[in-house]
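A.B. asks: Take a look and give me a structure for this.
(chains A and B, ligands or ions: 2)
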Amino acid sequence: MDSTIALFLVQDGLINGAIYALLAVCFVLLFAVTRIIFIPQGDFVAFAGLTLAALEMGVAPGSALLLVCLGVACALFDLAGLRNWPPAGWLLRRLGAYLALPLVLWLGVRDLAPMDLPVWADICLTLVIVVPMGPFTYRLAFEPMRNASILALLITSVGVHLVMMGLGLLFFGAEGYRSTPIWGGTILLGPMMIQGQSALLMVCTLVILGLLWCFFTRTLAGKALQAAAVSARGAELVGISVETAGRRAFVLAGLIAAIAGILIAPITTLYYDSGFLIGLKGFVAAIVAGFASFPGAVFSAIVLGIIEAFAAFWASAFKEVIVFGLVLPILLWRSLTNPHDEEH
Amino acid sequence: MTVLLSVEDAAVSYGAVEAVRGVALQVASGSVATIIGANGAGKTSLLSALGGLLPMRGRVIYDGHDITRLGTADRVAAGLALVTESRDLFGTMTVEDNLRLGAYTRTRAEAAQGIEEVFGRFPKLKERRTQLAGTLSGGERQMLATGRALMSRPSVLMLDEPSLGLAPLIVRDIFHIITELRNDGIGVLLVEQNARAALQTADHAYVMELGRFVMQGAAAEMMHDQRLVETYLGISGAGN
Ligand SMILES: Nc1ncnc2c1ncn2[C@@H]1O[C@H](COP(=O)(O)OP(=O)(O)OP(=O)(O)O)[C@@H](O)[C@H]1O
Ligand SMILES: [Mg+2]
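C.D. replies: Ligands and ions are numbered 1, 2, ... in the order given. Below you'll find the model as predicted:
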């Protein structure tokens, strides 16, 4: 292996690592705030990529209809859970979010999609379609399970993932798509040639991680989420409802996953089930970081991406085996040095 | 003085165990009501239920509204704050962040004003403003928990054993602050092991045994009740 190949592999690894880092941050965030290990995280990445690809082709994406279905289910859940007549403002807000928003999007997107919109409009549409899926999923699958154990939540989470795969196949079909690069140019960095899209991906990842850091350390809303993660009871006692915190965490996770999907859609061909493997690697990075630290999760994700790139070069057939195989000794080492980890 | 918090027929159970049964109480603005009772009498269970942390039967009326079905966060937003026995601070965050989050339901200006007031009441917290809450001493934690609850500008403040594990001098400070709060018009519901200090501070007192109120009346009169003195002010009260 010469240095050019090594540099190329590092670059490849950084690209994958950046995506894994975004997902790992979502895993850590959702687990900290809601105790949910959210396996379907990766599915949202694929859904966002496929939504963008469909919009580019001038087709109304299936995800818009999927969002309508999820919204209707959420509204039914809300109405079924009512014990007495709620305040009108509450009812309007809920029905607006669960019924009006998805319906308007679905009807709007059927007219907008064939109109050859500029790429930023496609991206915005993708975001408003995919991001609400996060909080909607939370409302449907997890809000009814308040006080459930971590294991019960995990089992539900796996169930939600399986449902998402089914819905993905139903609404997107089995074909794979790749969107056109948002930035098609290339950058020459010494001996390295970097694809514009790859550079964009890495810059965006850095910006998102930076913004997240500011959000959690500088803003009251961010600190409130952090507080809900540190002590759910404490958060309630200062007026932060744990349900609201959970919903916000899911909005954030949906947003990050959707952006990740938009960024990698031009780099890899995405299928309805591609999200799983991508998500799994973010998940592994989160585990290696003990599901506790954002910087740790980002670091592990990037190392994981680089290992994966080299593994693919040396023994491409065993790429996944090597990546997941390497995790076992790390976990063993962690559980030996830090025996109380499981409790947190 | 108007009645701010009124509880009717409250009951709390853990599975088959009934920890609180048929309890009724009232807290008026600018007054201190105290609940005293032996370990395991059900005081913490009652207070947690009033704070919305535990499910309960019965009715809780706050400021004329039935809040029995409201969650904890909504009760706090309405002005009913609770300092729990376990304090539930944000251990990995600074004293200042804990306080700032205490005013989560209030405006930025109210929060800024609240922090100055809390630092005025607890100068010790001002010195420790950048320290992590998890590294505070027991007394400082208690101050921070009370300060954080005050940040939400409650009209009724419920305190679960504010003197727990504190040195006598700090206990005196805490009760002094409770008196100040009452003079500021806040209704205080105080659960205390330290019955003597509680009765000296309170206007009205309830005595709890095995989940029920067995006695109630003006605190000053309770101090002279023979049975009460023997049970609660005997050896444990003599030290203070
Ligand atoms: N989570 C729980 N599950 C089952 N029983 C409980 C639980 N919490 C409290 N109890 C029981 O309910 C009863 C009342 O407990 P509680 O903590 O309310 O008492 P307390 O008056 O606050 O006591 P202390 O003065 O020691 O704080 C006790 O018998 C206790 O064992
Ligand atoms: Mg107690």
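A.B. asks: Could you look up the SS state of the closest residue in space to residue A:231 that isn't next to it in sequence?
C.D. replies: In space, and not counting its chain neighbours, residue A:231 is closest to residue B:88: 5.3 Å by Cβ to Cβ, 6 or more residues apart in numbering or on different chains. Bear in mind the C-beta positions are built from the backbone N, C-alpha and C, glycine included. Under the three-state scheme (DSSP: H, G, I helix; E, B strand; the rest coil), residue B:88 adopts coil.
A.B. asks: Angles on the backbone of the most centrally placed residue in chain B, please.
C.D. replies: Nearest residue to the geometric centre of chain B (Cα atoms, centre = their mean): residue B:159, 1.2 Å. Dihedral pair for residue B:159: phi -120, psi 120, per degrees, to the nearest 10.
A.B. asks: Would you check that it makes contact with residue B:190?
C.D. replies: Yes. Assessed by Cβ atoms under 8 Å, residue B:159 is found in contact with residue B:190 at 5.2 Å.
A.B. asks: Show the contacting residues for residue 41.
C.D. replies: This is for chain A. A:23, A:26, A:27, A:30, A:253, A:257, A:275, A:279, A:282, A:283 (Cβ atoms under 8 Å, 6 or more residues apart in numbering or on different chains).
A.B. asks: The intended chain is chain B.
C.D. replies: Applying Cβ under 8 Å, 6+ apart, the residues contacting residue B:41 are B:208, B:209, B:210, B:211.
A.B. asks: can you list the weak-confidence ranges in the chain?
C.D. replies: Defaulting to chain A. For chain A, the stretches with pLDDT under 70 are A:1, A:338-344.
A.B. asks: um, chain B though
C.D. replies: Looking at chain B by pLDDT under 70, you get B:233-240.
A.B. asks: How about the residues of it by ligand 1?
C.D. replies: For chain B, the residues in contact with ligand 1 (Cβ under 6 Å from any ligand atom) are B:14, B:17, B:19, B:37, B:39, B:40, B:41, B:42, B:43, B:44, B:45, B:193.
A.B. asks: quick one on the thing from earlier: and for residue B:159 and residue B:190, which residues touch both?
C.D. replies: Contacts common to residue B:159 and residue B:190, judged by Cβ under 8 Å, 6+ apart, are residue B:178.
A.B. asks: what does chain B put close to ligand 2?
C.D. replies: Neighbours of ligand 2 within chain B, by Cβ under 5 Å from the ion: B:44, B:85.
A.B. asks: longest helix anywhere in chain B?
C.D. replies: When chain B is parsed with DSSP state H, its longest helix is helix B:168-183.
A.B. asks: Could you name the helices and strands sitting against that helix?
C.D. replies: strand B:32-37, helix B:138-151, strand B:187-192, helix B:195-201 (3 or more Cβ pairs under 8 Å, 6 or more residues apart in numbering or on different chains; DSSP states H and E).
A.B. asks: got the contact list for the residue of chain B found nearest ligand 2?
C.D. replies: Using Cβ to the ion, the single residue of chain B nearest to ligand 2 is residue B:44, 3.0 Å away. By Cβ under 8 Å, 6+ apart, the contact set of residue B:44 is B:84, B:85, B:160, B:161, B:191.
A.B. asks: Of the residues you listed, which belong to strands?
C.D. replies: When DSSP state E defines the strands, the subset of these inside them is B:160, B:191.
A.B. asks: wait, isn't the residue nearest to residue A:231 in contact with residue A:230?
C.D. replies: No. At 9.6 Å, residue B:88 does not count as touching residue A:230 under the criterion of Cβ under 8 Å.
A.B. asks: number of nearby residues for residue 130?
C.D. replies: You didn't pick a chain, so chain A it is. 29 (other Cβ atoms under 10 Å in any protein chain shown).
A.B. asks: That was the other one, I meant chain B.
C.D. replies: By other Cβ under 10 Å, 9 other residues sit near residue B:130.
A.B. asks: and it, helix, strand or coil?
C.D. replies: Note that with three-state DSSP, the state of residue B:130 is coil.
A.B. asks: Pop the domain breakdown of chain B in here.
C.D. replies: Under the assignment automatic domain parsing, the domains of chain B span B:1-79+B:155-240, B:82-153.
A.B. asks: In TSV, list those domains along with distance to residue A:48.
C.D. replies: Formatted as TSV, those follow (distance: least, Cβ to Cβ, whole Å):
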stretch	distance to residue A:48
domain B:1-79+B:155-240	32
domain B:82-153	32
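A.B. asks: one step back: list buried residues within the contacts of residue B:41.
C.D. replies: The neighbour count (16 or more other Cβ atoms under 10 Å in any protein chain shown) marks B:208, B:211 as buried among these.
A.B. asks: Cross-check the contacts of residue B:41 against chain A and keep the overlap.
C.D. replies: When Cβ under 8 Å from any Cβ of the partner chain is applied, no member of those is adjacent to chain A.
A.B. asks: nearest spatial neighbour of residue B:121, skipping sequence neighbours?
C.D. replies: residue B:177 (5.9 Å).
A.B. asks: gap between that neighbour and residue B:193?
C.D. replies: For residue B:177, the distance to residue B:193 equals 18 Å [Cβ to Cβ, to the nearest Å].
A.B. asks: Residue B:19 - that's part of a helix, no?
C.D. replies: No. Assigned with three-state DSSP, residue B:19 falls outside any helix and is strand.
A.B. asks: still on that earlier bit, reformat the contacts of residue B:44 as TSV; add neighbour count.
C.D. replies: Formatted as TSV, the contacts of residue B:44 follow (neighbours: other Cβ atoms under 10 Å in any protein chain shown):
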residue	neighbour count
B:84	21
B:85	16
B:160	23
B:161	20
B:191	25
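A.B. asks: Of the contacts of residue B:44, which is the nearest to residue A:306?
C.D. replies: Comparing these against residue A:306 with Cβ to Cβ places residue B:84 closest, at 46.7 Å.
A.B. asks: Any idea how many residues pack against residue B:195?
C.D. replies: Counted with other Cβ under 10 Å, residues neighbouring residue B:195 total 24.
A.B. asks: List the buried residues for the longest helix along chain A?
C.D. replies: Taking DSSP H as the criterion, chain A has its longest helix at helix A:3-34. Neighbour-count burial for helix A:3-34, counted by 16+ other Cβ under 10 Å, picks out A:8-34.
A.B. asks: ditto for stretch B:14-33
C.D. replies: B:18-21, B:23, B:25-33.
A.B. asks: now do stretch A:54-65
C.D. replies: A:54, A:55, A:56, A:60, A:61, A:62, A:63, A:64, A:65.
A.B. asks: Could you do stretch B:224-235 as well?
C.D. replies: Neighbour counts over stretch B:224-235 (16+ other Cβ under 10 Å) mark B:225, B:228, B:229, B:231, B:232, B:233 as buried.
A.B. asks: From the residues you listed, pick the one nearest residue A:47.
C.D. replies: Nearest member of these to residue A:47, counting by Cβ to Cβ, is residue B:232, at 63.6 Å.
A.B. asks: just to confirm, which helix or strand has residue A:66 in it?
C.D. replies: Residue A:66 is part of helix A:62-80, with elements assigned from DSSP states H and E.
A.B. asks: Residues touching that helix, excluding its own?
C.D. replies: A:47, A:50-51, A:54, A:94-95, A:97-99, A:101-103, A:105-106, A:109-110, A:129-130, A:132-133, A:136-137, A:139-140, A:144, A:167, A:170-173.
A.B. asks: Return a ChimeraX selection command for the buried portion of these.
C.D. replies: Selecting the buried subset of the contacts of helix A:62-80 in ChimeraX, with 16+ other Cβ under 10 Å as the burial test, is done by:
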select /A:47,50,51,54,94,95,97,98,101,102,105,106,109,129,130,132,133,136,137,139,140,167,171,172
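A.B. asks: got the contact list for residue 34?
C.D. replies: Here I'm looking at chain A. A:138, A:142, A:153, A:245, A:246, A:249, A:250.
A.B. asks: wait, I meant chain B there
C.D. replies: So residue B:34 contacts B:189, B:190, B:191, B:192, B:198, B:199, B:201, B:202, B:204, B:205, B:206, B:219 (Cβ under 8 Å, 6+ apart).
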